[in-house]
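Enquirer: kindly return the folded structure for what I paste below:
(one chain, ligands or ions: 1)
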Amino acid sequence: MVLAARSVSEIESAAAEVRQRRAGGAGGVLAIACDVTSEAQVAAMIERTIAEYGRIDVLVNNAGYSKQCPIADLSVEELRLALDVNLVGTFLCCKAVLPTMKRQGSGRIVNVVSGAGKRGSLRRGAYAAAKFGVIGFSQCLQLEVKPDGIGVCCVCPGPVDTLMRTTNNPGEDRRTLLPPEEIAEVIVFAATRGPLTVIPEIEVRPRGFVAF
Ligand SMILES: NC(=O)c1ccc[n+]([C@@H]2O[C@H](COP(=O)([O-])OP(=O)(O)OC[C@H]3O[C@@H](n4cnc5c(N)ncnc54)[C@H](OP(=O)(O)O)[C@@H]3O)[C@@H](O)[C@H]2O)c1
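Expert: Just a heads-up that it's a prediction; the model follows:
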């Protein structure tokens, strides 16, 4: 397993937790510092992963960025940053694993999107543009890699109790939010289906946010 983000201390401590939980179990855990907006850093991360494990069964594109702001006040830099982390980062990581997954004739890609990637919402113009983009990109990718035995799934959570949500929505009652562990379990489900199953999309909402 490889954990990647820019903050080394956070991925190191997550890796230590995984090692502890697996105590005696199979497989190693690597923490690799990587900015997903950098093609060179993504290439280096994938190269190191292959050198260590020789294969890539699952890619989870979870890195994300959201700063809420009305479109009238949105700067082009903010829009570009949201597109860069959420959409370009997903593209770069997918592209980097494709040669290996194609060679294997198997692989699962899980792109973490958002309910904001399915419906317009207030103050999320940049984030929605990026996340809608990830869904379209994922559908195109699925068609292209179907002959290679690769599955692509978009997981679209509603509000989750993480730093992103609490920073953008201070003072919100956190008991109304989805626990991150629930989303992690959905991602594992999507990533571990058999080769004959394709799950294009899973949407998850907290009970209080059910609306159609
Ligand atoms: N929280 C929600 O309500 C919610 C709802 C729907 C969907 N989502 C999606 O769920 C995913 C996880 O979000 P979260 O809520 O856990 O957000 P978060 O608390 O802000 O965490 C974001 C994660 O992305 C990493 N990251 C950000 N920019 C990166 C970059 N350029 N390169 C590599 N890693 C980067 C961060 O690590 P570093 O800063 O160390 O790089 C951090 O681990 C995102 O895709 C988000 O859009 C969240």
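
Enquirer: starting at the chain centroid, how far to stretch 149-162?
Expert: Distance of stretch 149-162 from the chain centroid (Cα atoms, centre = their mean, to the nearest Å) equals 7 Å.

Enquirer: meant to ask about stretch 138-147
Expert: 17 Å.

Enquirer: what does stretch 79-90 give?
Expert: 12 Å.

Enquirer: how many residues are close by the nearest residue to Lys146 once chain neighbours are set aside?
Expert: Excluding the flanking residues, the one nearest Lys146 by Cβ to Cβ, 6 or more residues apart in numbering is Val198, at 7.8 Å. Any C-beta I mention is one placed from the backbone N, CA and C, and that applies to glycine too. For Val198, the neighbour count with other Cβ atoms under 10 Å is 12.

Enquirer: angles on the backbone of Val198, please.
Expert: Backbone torsions for Val198, taken as degrees, to the nearest 10, come to phi -120, psi 130.

Enquirer: and what of the one 5 residues further on?
Expert: Per-residue torsions, Glu203: phi -110, psi 130 (degrees, to the nearest 10).

Enquirer: so what's the nearest residue to it once chain neighbours are set aside up against?
Expert: Nearest-residue entry for Glu203: Cys156, 4.4 Å, with adjacent residues in sequence omitted and distances by Cβ to Cβ, 6+ apart. Residues counted as contacts of Cys156 (Cβ atoms under 8 Å, 6 or more residues apart in numbering) are 113-115, 117-118, 135, 201-204.

Enquirer: and the residues you listed, which are buried?
Expert: Neighbour counting by 16 or more other Cβ atoms under 10 Å classes 113-115, 117-118, 135, 201-202, 204 among the contacts of Cys156 as buried.

Enquirer: biggest separation within these, which pair?
Expert: Ile135 and Val204 (14.7 Å; Cβ to Cβ).

Enquirer: and Pro179, what are its phi and psi?
Expert: phi -70, psi 140.

Enquirer: what sits against it?
Expert: Residues near Pro179 by Cβ under 8 Å, 6+ apart: 160-161.

Enquirer: alright, calling it a day.
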